[in-house]
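Visitor: generate a structure from the sequence data that follows.
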Amino acid sequence: MLINSNIMTIKKYQRVKIVVTVILAVIFSQAVVYNNYLIPLVAMIIASLVLIYLRRQVKEVIADERDYAIAGKAALWSIQIYSWVATISMIVLYALRDLNPAYEPVAMTLAFSTCGLMLLYAVIFRYHNNFKFSDKKTLYMILVIALLFAAAIVTMRVFSGEDDWICVNGKWEQHGHPDFPAPQAECK
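Guide: So this is what the prediction gives:
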């Protein structure tokens with residue numbers, strides 16, 4: 001009896017996921033060392049697309065209804081806990097911004113990330129609630145994620161502070177009119 005070596009089994013798929021994870025970890029660590037953050041983003045997108053393609057090749061049952069129900073409950077609890085912790089942290093950090101100006105951008109990042117997470121959850125929930133499962137579902141999800149990613153980039157660009165300190169020739173120089181003193185860290 002011949003076994004087709006091209007058939008993707010659950011075991012092969014899980015091994016491929018582990019290999020992809022290790023490769024991504026190496027790429028991310030090297031990117032941090034070399035201060036290049038575009039390469040890991042591209043690698044993550046490519047790895048996700050490869051894993052989606054390979055997942056579709058698996059003909060065995062990977063998860064059943066019980067697994068999906070538990071995953072849904074776990075995701076809901078995770079989102080709720082993160083939202084509460086991030087919101088409380090944001091309020092505390094924003095209240096302490098007079099002690100350290102660096103707390104304000106952290107607080108704003110927490111606020112925007114929490115809002116973004118809640119909006120993304122609402123869109124995905126509405127999508128799954130209204131649409132039947134089909135082959136076009138993945139296409140719609142990729143489109144929604146791309147639109148949200150584009151909106152996040154536009155939002156960061158529009159709402160980013162132009163008043164900041166920048167490092168020029170080893171010295172901190174004002175860019176615009178920052179409301180806080182120059183950083184104490186060494187300018188390299």
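Visitor: average pLDDT across the helix or strand hosting W84?
Guide: Under the assignment given by DSSP states H and E, the secondary-structure element containing W84 is helix 65-95. Throughout helix 65-95, pLDDT has a mean value of 89.
Visitor: just the buried positions in it, please.
Guide: Counting neighbours by 16 or more other C-beta atoms under 10 Å, one finds that the buried residues in helix 65-95 are 83, 86, 90, 93. (Glycine included, C-beta is placed from N, CA and C.)
Visitor: what's the answer for stretch 176-188, then?
Guide: Buried residues in stretch 176-188, counted by 16+ other C-beta under 10 Å: P178.
Visitor: and it, end to end?
Guide: This stretch, stretch 176-188, spans 20 Å end to end (C-alpha to C-alpha, to the nearest Å).
Visitor: any idea how far it is from the chain center?
Guide: Average the C-alpha atoms of stretch 176-188, do the same for its chain, and the two points are 28 Å apart (C-alpha atoms, centre = their mean, to the nearest Å).
Visitor: got the CA positions of stretch 81-94 in CSV?
Guide: Coordinates of the C-alpha atoms in stretch 81-94 are reproduced here as CSV (Å, rounded to 0.1, in the frame of the first residue of the first chain):
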residue,chain,number,x,y,z
ILE,A,81,-9.4,40.9,31.2
TYR,A,82,-6.9,42.8,29.0
SER,A,83,-9.4,45.6,28.5
TRP,A,84,-9.9,46.1,32.2
VAL,A,85,-6.2,45.9,33.1
ALA,A,86,-5.2,48.2,30.2
THR,A,87,-7.9,50.7,31.0
ILE,A,88,-7.0,50.9,34.7
SER,A,89,-3.3,51.1,33.8
MET,A,90,-4.1,53.9,31.3
ILE,A,91,-6.0,55.9,33.8
VAL,A,92,-3.2,55.6,36.4
LEU,A,93,-0.4,56.4,33.9
TYR,A,94,-2.3,59.4,32.5
